[in-house]
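> please find the sequence and the predicted model below.
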Amino acid sequence: MNSDSESDELLQYNPNRLLDTLIENLRLKNDAALSRALEVAPPVISKIRHHRLPVGASLLIRMHEVSDLSIRDLRYLMGDRRAKFRISDKQFKPKEGAAPKEA
């Protein structure tokens with residue numbers, strides 16, 4: 001295997017690499033044990049493995065707390081190489097025609 005294909009593989013989103021590394025680092029047997037360690041339902045891990053559910057921020061933080069791996073390392077393991085996260089300014093603006101909330 002050449003280094004180009006290895007680097008291409010590392011750049012692609014792959015949550016399985018993240019989950020497998022967590023299982024190995026925490027010395028767990030399987031996904032069920034990982035779900036217990038992360039305090040999430042087992043189907044959550046299955047959905048992440050099958051690319052039906054993204055790894056959310058709260059789960060990423062929980063992985064950090066349990067594993068002592070940095071958020072940057074966890075993101076790198078799953079193939080997320082973004083340096084910055086940008087939140088749309090539309091998320092913080094009230095909808096057109098909506099009445100402002102009273103305190």
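Everything's here; your move.
> and residue 25, how many neighbours does it have?
Residue 25 has 12 neighbours, counted by other Cβ atoms under 10 Å. Bear in mind the C-beta positions are built from the backbone N, C-alpha and C, glycine included.
> should've said residue 22
21.
> swap in the one 10 residues further on?
The local packing of residue 32 (other Cβ under 10 Å) involves 12 other residues.
> got the confidence number for it?
Residue 32 carries a pLDDT value of 96.
> swap in residue 11?
pLDDT, residue 11: 64.
> is the nearest residue in space to residue 79 that is not next to it in sequence in a helix, a strand, or coil?
The shortest distance from residue 79 to any non-neighbouring residue, by Cβ to Cβ, 6 or more residues apart in numbering, is to residue 13 (4.3 Å). Per DSSP: H, G, I helix; E, B strand; the rest coil, the local secondary structure of residue 13 is coil.
> mean confidence for stretch 50-66?
94.
> quick check: phi and psi at residue 68.
Main-chain dihedrals, residue 68, degrees, to the nearest 10: phi 60, psi 10.
> measure it to residue 13 for me?
Going from residue 68 to residue 13 by Cβ to Cβ, to the nearest Å gives 23 Å.
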